[in-house]
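Undergrad: just a sequence and a predicted model for now, questions to come.
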Amino acid sequence: GTYSGIFESIFQVSQILSGIIATVVLGYLDQFSFYVILVLFGAVAIVMFSFIQHPVEYNDVKKVEVLEDRKTLGESLKDFYDTLCDKKYRFLYTSIIFSGIAMSFCWSYLGTAVTMTVHSDDENIINSRTGIVFIVLAIGEILSGFTMGRFADKYDKIKLLAVCMFILEGGLALTFFAMVLK
């Protein structure tokens, strides 16, 4: 749990960086300049990926061990299907569905919800405030990654998942009410 939380927190640092860039660029420049900067970031990433070293080959003994442990595609699909049909995982499927709904709302409509609550006609102010909301969201995700990772080591993971789902759905409802009430 702790290591998963640390990984999640490190992964979410990219959101802070992207939120800061979006806030600064969209606060002072137009959207076209923002997209030009994003294309430049993409070009730099492509250049960086071109320098990634190829994976090191296993020695012959490890190759044989790995190949012996592999299942056929049919066996893997059957195991996957059996897991889907197992009744004890239905709670997990429900939480995955609700989590997906909340995250799709977050990434699709949170920006719109924020722009509806900002009392300004200046597009740069609206964009910078939206960026600030996403920076705060990223900070919350970093902190929750560490916290939930530690809690996962100490408490029942199913109950912890249920609490997280209530928090996630509560945040979704709170955002919806903030949007409606402006």
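TA: Sure thing, it's come through.

Undergrad: ok, which stretches of the protein are helices?
TA: With DSSP state H, the ranges of helices along the chain come out as 2-28, 31-49, 60-69, 73-85, 90-117, 123-154, 157-181.

Undergrad: least reliable of these going by mean pLDDT?
TA: Among those, helix 60-69 carries the lowest mean pLDDT, at a mean of 54.

Undergrad: if we can go back for a sec, would you turn the helices of the chain into TSV with mean neighbour count?
TA: Just so you know, the C-beta spots here come from the backbone N, C-alpha and C atoms, and that holds for glycine as well. Output for those, formatted as TSV (neighbours: other CB atoms under 10 Å):
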stretch	mean neighbour count
helix 2-28	16
helix 31-49	11
helix 60-69	9
helix 73-85	10
helix 90-117	14
helix 123-154	17
helix 157-181	13
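
Undergrad: which residues sit against stretch 89-103?
TA: 83, 158, 161, 162, 165, 168, 169, 171, 172 (CB atoms under 8 Å, 6 or more residues apart in numbering).

Undergrad: measure the nearest residue to residue 147 once chain neighbours are set aside to residue 28 for me?
TA: Of all residues not flanking residue 147 in the chain, residue 5 sits nearest, at 7.2 Å (CB to CB, 6 or more residues apart in numbering). From residue 5 across to residue 28, the span is 35 Å (CB to CB, to the nearest Å).

Undergrad: list the contacts of residue 179.
TA: Contacts for residue 179 (CB under 8 Å, 6+ apart) come out as 109, 112, 113, 116, 117.

Undergrad: make it 6 Å
TA: Counting by CB atoms under 6 Å, 6 or more residues apart in numbering, residue 179 makes contact with 113, 116.

Undergrad: apart from its chain neighbours, what residue comes closest to residue 9?
TA: Looking at residue 9 with CB to CB, 6+ apart, the closest residue is residue 145, at 3.6 Å.

Undergrad: same thing with residue 2?
TA: Distances taken as CB to CB, 6+ apart place residue 149 nearest to residue 2, at 4.7 Å, with adjacent residues excluded.

Undergrad: go on, residue 7?
TA: Nearest in space to residue 7, with sequence neighbours left out and distances taken as CB to CB, 6+ apart, is residue 145 at 7.7 Å.

Undergrad: shouldn't that neighbour be in contact with residue 8?
TA: Yes: with contacts counted by CB atoms under 6 Å, residue 145 reaches residue 8, the gap being 3.5 Å.

Undergrad: check the gap between the closest residue to residue 26 other than its chain neighbours and residue 107 for me.
TA: In this structure, residue 26 finds its nearest non-sequential neighbour in residue 127, 3.4 Å apart by CB to CB, 6+ apart. Distance, residue 127 to residue 107, using CB to CB: 16 Å.

Undergrad: equivalent analysis for residue 113, please.
TA: For residue 113 relative to residue 107 (CB to CB), the value is 12 Å.

Undergrad: that's all I had, so thanks and see you.
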